[in-house]
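J.: Give the three-dimensional model of this entry:
(chains A and B)
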Amino acid sequence: MTDQAVEREVGRSRLRKEDARLITGQTNWTDNIQVAGLLHLAILRSPMAHARITRVDVSPALERPGVVAAFSGADLADGMGSLPCAWPVTEDIVLPDHPPVAVDEVRYAGDPVAVVVARDRYAAADALESIEVDYEPLPPVLDLEAALADDAPLVHSDKGTNRSYLWPLAAGESFDSVRERAEVTVKRRYHQQRLIPNAMEPRAVVVTPLAASGEYTVYSATQIPHILRIMLAMVTGVPEHKLRVIAPDVGGGFGSKLQVYGEEALALTVARKIGRPVKWTESRSEGYLATHHGRGMIQDIEVAATREGKLLGLKVDLIADMGAYLMLVTPGIPILGAFMYPAIYKMDAYEFNCTGVFTTRTPTDAYRGAGRPEATFAIERVMDELAAELGLDPVELRRRNWIRHEEFPFTSIAGLTYDSGNYEAATEKALALFGYDDLRAEQQKRNERGDAVRLGIGVSTYTEMCGLAPSRVLRDLRYGAGGWEAASIRMLPTGKVEVVTGTSPHGQGHVTCWSQIAADVLGVPFEDVEVVHGDTKAAPQGMDTYGSRSLVVGGEAVHRAAQKVVEKARKVAAHLLEASEQDLEFTNGVFSVKGSPEARRSIQEIAFETFSSHDLPDGMEPTINAETLVDPENFSYPHGTHLCAVEVDTETGRTRIRSYVCVDDVGRVVNPMIVEGQVHGGLAQGIAQALYEEAVYDAEGNLVSGTMADYLVPSAADLPDFVTDRTETPAANSLGVKGVGEAGTIASTPAVVNAVVDALRPLGVHDVRMPCTPERVWQAVRSAGSGKEASA
Amino acid sequence: MIPPAFDYVRPASVDEAVRALADAGEDAKVLAGGQSLLPLLRLRLAFPELVVDVGRIPELRGVRDEGDALVIGALTTHHDVMHDPLVRRHAGLLAAATETVADPAVRHRGTLGGSLAHADPAGDLPAVVLTLDAELVAVGPNGRRTIPAREFFVDYLQTVLAPDELLVEVRVPKADGWGFHYEKFHRVAQAWPIVGVAALVRRDNGHIAEARVGLSNMGSTPLRATAAEQALAGAGDPDAVARAAESAAEGTRPSQDPSGSPEYRAHLARVLTKRAVLTAAGMG
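T.: As a prediction, the model looks like this:
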């Protein structure tokens, strides 16, 4: 008798276990949580970008019906410390205090000033309007370069400067020396506009106190329940072991919920102060002011090359907008990018400097890709400019400079060791799917005819670093914690399996993927696996979910924990089957004795035998459960080639994406459907930066794009069909996986903008600032036509 | 966002609604499909004491044929307007423009009358009824009156409707035989137009005998591009249309906002007028 072959789970497009309850509404988002006696918080926010607070009177709010309490920043200052920054990137970084509720000064429009606690949201919102605040206006600080001038008004006057830090990196020869011998140099300035993350679920937090024991449960729509628990303990003084943090089903984050927010500390502090459960949920427009923003950078980038197109060196100078305060990893975001500017290219010199600058705007922090999209954009844009300067096809220029597949593992000039990849293969596949040569021919015809609607082709050959992160590297980068991940596997008596993960999914599908991984190793049915996450009591150890780390580090931990379970079960099986461990085979969840296949026990049977523990090997503990903490040895490096064809209407300035092809190499794929979804969503977000989204401020520092009517998030109706494909070079981890959460976002923005510029280059345009709105494109065409500087 | 507190009534008839409005004076707002008023309430940009919900007055819904004109109840939803066979046959411009309004969810709730009474110059439909030379029928304490679309829109979000008047019907003259097109330029599918151009063209022997051009979002009210209309009369080929369209922005005062400068909007008005008329005239 032979085992029925079980279909392997890893590699299958399994429908997601999560979806049934999510799409039928049978789940609890944080805002749905109801507890007896729940009160509602509402927050009064500064209407000004920068002002001194001279008076706050919350007493009129207390007169309003339904109001239970009201507090100014000063009222709460004793109960809360400064909000944390876990990544002070330099020794001498300027790191200002960040009170969750402003006390003396507001530093961005939306900075909290006072808080009302009431019986319902309506009463709380109405009462806010009665709070009296006197502001003495201070000058806003909005321009990144002007902010660095000696006489600039200061965001934090006690610090004496708006410069938070200067972070340098230099590798290889000096850039000046390679510039000397270079035959061609190209220098460009690019602007990364500010972006506002738009998770479907706004932020929300519920805190329930248990006064008798001083325990608090914090429910939060967060990506990082474990980190939040530690940080809330530090900020509020509630001892860590008295805090339980639960991230229920969370509706998206994109980095915006990789944060320790003032509202979370505030809800905990208020619940503690009044001894009642409280809830706070932001509205979308409140979130636009108070949820951290992404990007916001000026990039000066210069490449030096030979006439044949061989890159010699790269120099990058960034000015990065920190916003008003340094939040959890604000200063580190551009530094994550520092290692990615050299991308897939070989060169002799690399210089990088980043200056972090305070402004009177909402703080910035991680947003899908976090530093890496910015880097990829700048290098991929400037490669196109260099190709144009040299009269080379942009794909050919890349070919002449990229790391060839036989050169892996390859240590980049920035010091990263790329373990695997095949840029040639991904590019060839993408070119074929795209019909590159035919499109180039059509483009040429249109240009010759002088068509009003031009065709442009954009290429982006990206790589990124995922799997954050080796803890020793984090130490070297002055990040405040490690980068390991935890998993444990519990075999239940009936043979069912609980996987406990330290990752905290908020849309990624970990429950499905971890089930697939565990099912394969344990040889149990996919349906027999449940995944427990997002509750510090149920899954006490973890580093949470961000930076395309979960599969690479957390999935790896699940994989190794499952292998440990098998090894423990093997001992029990050997004992029960009266065989030596070496004589056992383990196939499709069943141990059998080599040569006598009738002697067999399934791992699910062994789970019960272990539970009953009637007949275990001498000295063996009655458990085959296992746990693992994995600290990765290296990052992982997805890569790929994205090609975009746009039609640009030179009369109206409208850009229409005609076709989009991407070939991504994300290593081995656990669930192709989920990968496809991640790529589609990533492309949408990257295209959104290229063409649609921008946080716009007026001269006083007010957010003009304050609602979804003005901040344009594209929908399916605005996006083209995507042609997606993959190549697969396994990563050097046991699953061979690289991560896919950010690839689409990182790759697509430069592909689209390169296409727009490519369409207009014959008209004399060499850049269009993002987002490439119709008006900016029209202005660029017009300026180029009149011989003026062609950038809008 | 949480709207400020207000009182709420839901009259069952037009008369009841008008009485409620008259009793409330200046402080009442009419709620129809809620697609404009509710966002204003939630953003606390409107503070009515009373909201009069006319959404359950059946006589305000539907389309009927009155010979030379169609009569469309003010409460008829965008979805119903664009699928109505009478509208599609006799007022194709209205059906075509309505198809571009926002998204399906909004079109199932939002109403023609609500969109006109809200009088947002960036709305699609005000310029369309202006182009169709429609008439708007209002009922107040002193009875009914009929207002030509040309006189209805006064300023940004302002109409000639008195606080105690309710828009009940839109009378659209049949435009049988006229070519039409609504050219909407917007950045994302569900957005308002940066500029929209409604074109209605009567042809005679391959020439444009008469053209009407309405502009969305080119000023504080919807506008007719009268200079372009005059210049288009007699145009017989695309070049002539293009030349005539050059005057499309004359007399307009478009606003400045993140979607476009006045200069860009004026440029768009010219380009889009050319395209809309060419399509409407079958020359495109």
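J.: Starting from residue B:238, give me the distance back to residue A:390.
T.: Separation of residue A:390 from residue B:238 (C-beta to C-beta, to the nearest Å): 41 Å. C-beta coordinates here come from the backbone N, C-alpha and C atoms, glycine included.
J.: who has more neighbours, the two?
T.: residue A:390 (20 against 14; other C-beta atoms under 10 Å in any protein chain shown).
J.: So the more buried one is in contact with residue A:307, correct?
T.: Yes. Using C-beta atoms under 8 Å, residue A:390 makes contact with residue A:307 at a distance of 7.0 Å.
J.: For the residue nearest to residue A:401 when sequence neighbours are not counted, which residues are in contact?
T.: Distances taken as C-beta to C-beta, 6 or more residues apart in numbering or on different chains put residue A:345 closest to residue A:401, at 4.3 Å, once the chain neighbours are dropped. Going by C-beta atoms under 8 Å, 6 or more residues apart in numbering or on different chains, residue A:345 touches A:311, A:314, A:379, A:383, A:398, A:401-403.
J.: Among those residues, which one lies nearest to residue A:99?
T.: Nearest to residue A:99 among the contacts of residue A:345: residue A:379, at 38.9 Å, using C-beta to C-beta.
J.: Can you give the distance of the host helix or strand of that closest one from its chain's centre?
T.: Taking DSSP states H and E as the definition, residue A:379 sits inside helix A:372-390. A distance of 22 Å separates the centroid of the chain from that of helix A:372-390, by C-alpha atoms, centre = their mean, to the nearest Å.
J.: Please save the CA atoms from it in CSV.
T.: In CSV, the C-alpha atoms belonging to helix A:372-390 read as follows (Å, rounded to 0.1, in the frame of the first residue of the first chain):
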residue,chain,number,x,y,z
ARG,A,372,13.2,52.3,-2.2
PRO,A,373,10.6,53.7,-4.6
GLU,A,374,12.3,57.1,-4.4
ALA,A,375,15.7,55.5,-5.1
THR,A,376,14.4,53.4,-7.9
PHE,A,377,12.6,56.4,-9.4
ALA,A,378,15.7,58.6,-9.5
ILE,A,379,18.1,56.0,-10.8
GLU,A,380,15.7,54.7,-13.5
ARG,A,381,14.8,58.2,-14.6
VAL,A,382,18.4,59.3,-14.9
MET,A,383,19.3,56.1,-16.7
ASP,A,384,16.7,57.1,-19.4
GLU,A,385,18.2,60.6,-19.5
LEU,A,386,21.7,59.1,-19.9
ALA,A,387,20.4,56.9,-22.7
ALA,A,388,19.0,59.9,-24.4
GLU,A,389,22.2,61.8,-24.0
LEU,A,390,24.2,58.9,-25.5
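J.: what packs against that helix?
T.: Judged by 3 or more C-beta pairs under 8 Å, 6 or more residues apart in numbering or on different chains; DSSP states H and E, the packing partners of helix A:372-390 are strand A:184-195, strand A:294-305, strand A:311-323, helix A:333-338, helix A:394-399, strand A:453-463, helix A:743-760.
J.: how about it: buried residues?
T.: Neighbour-count burial for helix A:372-390 flags A:372-390 (criterion: 16 or more other C-beta atoms under 10 Å in any protein chain shown).
J.: Output the contacting helices and strands for the helix or strand of chain B with the lowest mean pLDDT.
T.: Here the helix or strand of chain B ranked lowest by mean pLDDT, DSSP states H and E is helix B:37-42, holding a mean of 94. If you count contacts as 3+ C-beta pairs under 8 Å, 6+ apart, helix B:37-42 packs onto strand B:28-31.
J.: who does the strand it packs on pair up with?
T.: strand B:50-53 (parallel) (DSSP bridges).
J.: circling back: please convert the helices and strands packed on helix A:372-390 to a markdown table, extending it with mean neighbour count.
T.: Below are these laid out as a markdown table (neighbours: other C-beta atoms under 10 Å in any protein chain shown):
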| stretch | mean neighbour count |
| --- | --- |
| strand A:184-195 | 18 |
| strand A:294-305 | 24 |
| strand A:311-323 | 25 |
| helix A:333-338 | 27 |
| helix A:394-399 | 20 |
| strand A:453-463 | 26 |
| helix A:743-760 | 29 |
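J.: Columns distance to chain B and mean pLDDT on top of these, output as a markdown table?
T.: Shown next, in a markdown table, are the helices and strands packed on helix A:372-390 (distance: least, C-beta to the nearest C-beta, whole Å; pLDDT from 0 to 100):
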| stretch | distance to chain B | mean pLDDT |
| --- | --- | --- |
| strand A:184-195 | 12 | 98 |
| strand A:294-305 | 17 | 98 |
| strand A:311-323 | 19 | 98 |
| helix A:333-338 | 25 | 96 |
| helix A:394-399 | 28 | 98 |
| strand A:453-463 | 12 | 98 |
| helix A:743-760 | 14 | 98 |
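J.: Look up how far residue A:778 lies from residue B:145.
T.: Going from residue B:145 to residue A:778 by C-beta to C-beta gives 44 Å.
J.: okay, those two: which has more neighbours?
T.: Neighbour count, other C-beta under 10 Å: between residue B:145 and residue A:778, residue A:778 has more, with 24 against 14.
J.: contacting residues for that one?
T.: With C-beta under 8 Å, 6+ apart, residue A:778 has these contacts: A:650-653, B:264, B:267.
J.: Relative to residue A:710, how far out is it?
T.: When residue A:778 is compared with residue A:710 (using C-beta to C-beta), they lie 20 Å apart.
J.: Could you break chain A into its assigned domains?
T.: What automatic domain parsing lists as the domains of chain A is A:33-138+A:200-252+A:257-290, A:294-468+A:634-785, A:484-630.
J.: Do you know the pLDDT at residue A:79?
T.: Per-residue confidence (pLDDT) for residue A:79: 86.
J.: tell me, how many neighbours does it end up with?
T.: Residue A:79: 19 neighbours (other C-beta under 10 Å).
J.: can you tell me the helix or strand for the residue lying closest to it once chain neighbours are set aside?
T.: Leaving aside its sequence neighbours, residue A:79 sits nearest to residue A:269 (C-beta to C-beta, 6+ apart; 4.4 Å). Residue A:269 is part of helix A:262-274, with elements assigned from DSSP H and E.
J.: tell me the contacts of the closest residue in space to residue B:88 that isn't next to it in sequence?
T.: Using C-beta to C-beta, 6+ apart and skipping residues adjacent in sequence, the residue nearest residue B:88 is residue B:95, 4.8 Å away. With contact set as C-beta under 8 Å, 6+ apart, residue B:95 has these partners: B:81-82, B:84, B:87-88.
J.: Could you pull up phi and psi at residue A:569?
T.: Here is the backbone geometry of residue A:569 (degrees, to the nearest 10): phi -60, psi -30.
J.: State the distance from it to residue A:593.
T.: 15 Å.
J.: So the two - more neighbours on which side?
T.: residue A:569 (27 against 19).
J.: Flag every residue of the stretch 1-150 of chain B that's near chain A.
T.: B:1-2, B:4-5, B:39, B:42-43, B:103 (C-beta under 8 Å from any C-beta of the partner chain).
J.: Please, where are all the strands along chain B?
T.: Here chain B has its strands, by DSSP state E, at B:7-9, B:28-31, B:50-53, B:63-66, B:69-73, B:135-140, B:143-148, B:153-155, B:158-159, B:166-173, B:179-185, B:195-204, B:207-216, B:223-224.
J.: and the last one, what's its mean pLDDT?
T.: In this case it means strand B:223-224. 98.
J.: Adjacent strands (with direction) for it?
T.: strand B:207-216 (antiparallel).
J.: now the strand it pairs with and strand B:179-185, what's the angle there?
T.: Here strand B:207-216 runs at an angle of 30 degrees relative to strand B:179-185 (axes from the mean of the first three to the mean of the last three C-alpha atoms, to 10 degrees).
J.: backbone phi and psi for the residue of chain B positioned farthest from its centre, please?
T.: Relative to the centre of chain B, the most outlying C-alpha is that of residue B:205, 31.0 Å out, by C-alpha atoms, centre = their mean. Backbone geometry at residue B:205, expressed as degrees, to the nearest 10, gives phi 50, psi 40.
J.: One more: residue A:636?
T.: Dihedral angles (degrees, to the nearest 10) for residue A:636: phi -110, psi 160.
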